[in-house]
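In: predicted model, plus sequence, below.
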Amino acid sequence: MPELPEHLELKRTRVTCNADAPIDTESIMYSGAYASLGVDNSGLDSFFKDFKIVVNRLTEDDIEFDMIGIDAALANAFRRILISEVPTMAIEKVLIANNTSVVQDEVLAHRLGLIPLKVDPRLFSYKSEKDEPNEKNTIVFGLHARCKRGGQRLTVKSEELKWQPNGSMFPLELEKAASSSTSKPQTYTNFKSSQDLQPEFSSDPICPKYPDITIARLASRQEIELEAHAVKGIGKEHAKWSPVATAWYRMLPEVVLLQDVCDERAEQLIKKCPANVFDIEDTPAGRKATAARPRACTLCRECIQEEGWAEYVALRRKKDHFIFTIESTGALPPDVLFTEAVKILEEKCVRIISELS
């Protein structure tokens, strides 16, 4: 297949960051972009050959990896799915028996809903308005904290939320589409224990991910007694179900020295860069600047702001190389979150293909 001229290949694969604004930002990945020059982009062979994922960092809470060989639309699809479509468990209903703290009931319920829960949502099913709460769609927590008379202020933290595997101990009026005035509140006080159905909960009980989140502070003789019911949901419905603190990506920076930067000018270049991208190496011709850490470049463009420096340094970004970062809230490990996002995108594609056929 014919190759593009150098200047067109640069426009196709790079975003050039000039001192005033970036240029060549549009995506031209469609098959007929360079058909007049004999270049065919419609085949998948080049995609299979070039696409790869390289994991740079993986911890309990976050992951950073490179996605190479894809379009920005796909990278953004993963980001949006991670934020709004990967399900988690979060507290949805709060039954308050007693609350004499200064925190209003609504604010207290909102705080509880935002507490990340350490539980695999894949083990539970969604609960609709018509479904009765049971061990397969609802997790019940209880909280009872009281500050004794004359005692010091008591800080109620998320570790006070205790999982109740046998279900609710409070009466709960079930919402029904056709309810009558004579209907009586129903209760579910003894649904089968999730601990019995899911043996893994015996060694790893359901609990808040972080035990030190402050819920309220109680003064003398103040008390909170409540029950919280967690259900499965997605971030599209409410942010409390979003499994990530953040998911973001950036194009791989590329720093190119167009000509040698030596001696005093090299020292000036190093002082200009706040991200410590450049370094100096000794050569037979003298001390010369090098772009030792281009990945650290934030594209602040301080190095090319002054007149004349654009002749020495070119700042670019690769259009098909993304540095992706996922920070998990704790429900699922960050690497599992990404695989779940891939499955959701795959389901979307299969559904579209089936509807078109």
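Out: Structure received.

In: please make it C-alpha for all contacts and neighbour counts, starting now.
Out: Fine.

In: and the lengthiest helix in the chain, which residues are buried?
Out: Criterion DSSP state H: the longest helix present in the chain is helix 334-356. Neighbour-count burial for helix 334-356, counted by 16 or more other C-alpha atoms under 10 Å, picks out Pro334, Asp335, Leu337, Phe338, Glu340, Ala341, Val342, Ile344, Leu345.

In: which residues touch the fifth one?
Out: Under the criterion of C-alpha atoms under 8 Å, 6 or more residues apart in numbering, the contact list for Glu340 reads Val86.

In: secondary structure element holding Lys318?
Out: Element membership of Lys318, judged by DSSP states H and E, is strand 313-328.

In: for that strand, the averaged confidence score.
Out: Taken as a whole, strand 313-328 has a mean pLDDT of 95.

In: please, where are all the strands along the stretch 201-350 of the chain?
Out: All strands of the stretch 201-350 of the chain, identified by DSSP state E, counting those that start in this stretch, fall at 207-208, 214-218, 223-233, 244-257, 278-283, 286-291, 313-328.

In: closest to Val102 out of those?
Out: Val102 lies closest to strand 214-218 among the strands of the stretch 201-350 of the chain, at 7.9 Å (C-alpha to C-alpha).

In: direction included, what does the closest one pair against?
Out: strand 154-157 (antiparallel) (DSSP bridges).

In: residues of the strand holding Lys318 that come out buried?
Out: 313-328.

In: give me the angle between that strand and helix 334-356.
Out: Interaxial angle, strand 313-328 versus helix 334-356 (axes from the mean of the first three to the mean of the last three C-alpha atoms, to 10 degrees): 90 degrees.

In: what is strand 313-328 packed up against?
Out: helix 6-13, strand 14-17, strand 62-68, helix 72-84, strand 244-257, helix 334-356 (3 or more C-alpha pairs under 8 Å, 6 or more residues apart in numbering; DSSP states H and E).

In: only the C-alpha atoms, please, for that strand, written as CSV.
Out: Output in CSV follows, covering the C-alpha atoms of strand 313-328 (Å, rounded to 0.1, in the frame of the first residue of the first chain):
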residue,chain,number,x,y,z
VAL,A,313,11.4,22.6,19.9
ALA,A,314,8.2,21.0,18.5
LEU,A,315,5.4,19.8,20.8
ARG,A,316,3.1,17.2,19.5
ARG,A,317,0.6,14.5,20.7
LYS,A,318,0.0,11.1,19.1
LYS,A,319,-3.6,10.8,18.0
ASP,A,320,-3.8,7.0,18.4
HIS,A,321,-1.8,6.6,21.7
PHE,A,322,-3.7,7.3,25.0
ILE,A,323,-2.5,7.3,28.5
PHE,A,324,-5.5,6.1,30.4
THR,A,325,-6.0,6.4,34.2
ILE,A,326,-8.7,4.8,36.3
GLU,A,327,-9.2,5.6,40.0
SER,A,328,-11.6,3.1,41.7
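
In: what lines up beside that strand in the sheet?
Out: Using DSSP bridges, the strands paired with strand 313-328 are strand 14-17 (antiparallel), strand 62-68 (antiparallel), strand 244-257 (antiparallel).

In: that strand versus helix 72-84: what angle between them?
Out: 30 degrees.

In: just to revisit the earlier point, for Arg153, find the nearest of the strands paired with strand 313-328.
Out: Distance to Arg153, taken as C-alpha to C-alpha, is lowest for strand 244-257 among the strands paired with strand 313-328, at 31.0 Å.

In: OK, contacts around Ser220?
Out: Shown in contact with Ser220 (C-alpha under 8 Å, 6+ apart): Cys147, Lys148, Arg149, Gly150, Gly151, Gln152, Arg153.

In: kindly recompute the last result at 6 Å.
Out: Neighbour list for Ser220: Cys147, Lys148, Arg149, Gly150, Gly151 [criterion: C-alpha atoms under 6 Å, 6 or more residues apart in numbering].

In: sorry, back to before: output the longest helix of the chain as CSV, nothing but the C-alphas.
Out: Provided in CSV are the C-alpha atoms of helix 334-356 (Å, rounded to 0.1, in the frame of the first residue of the first chain):
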residue,chain,number,x,y,z
PRO,A,334,-9.5,-0.9,38.7
ASP,A,335,-8.4,-3.6,36.3
VAL,A,336,-11.7,-5.4,36.7
LEU,A,337,-13.6,-2.1,36.1
PHE,A,338,-11.9,-1.8,32.7
THR,A,339,-12.7,-5.4,31.7
GLU,A,340,-16.4,-4.8,32.7
ALA,A,341,-16.4,-1.6,30.6
VAL,A,342,-15.1,-3.7,27.6
LYS,A,343,-17.9,-6.2,28.1
ILE,A,344,-20.5,-3.5,28.2
LEU,A,345,-19.2,-1.9,25.0
GLU,A,346,-19.2,-5.4,23.4
GLU,A,347,-22.8,-5.9,24.3
LYS,A,348,-23.7,-2.5,22.8
CYS,A,349,-22.0,-3.5,19.5
VAL,A,350,-23.7,-6.9,19.4
ARG,A,351,-27.0,-5.3,20.0
ILE,A,352,-26.5,-2.7,17.2
ILE,A,353,-25.4,-5.4,14.8
SER,A,354,-28.3,-7.6,15.6
GLU,A,355,-30.8,-4.7,15.1
LEU,A,356,-29.2,-3.8,11.8
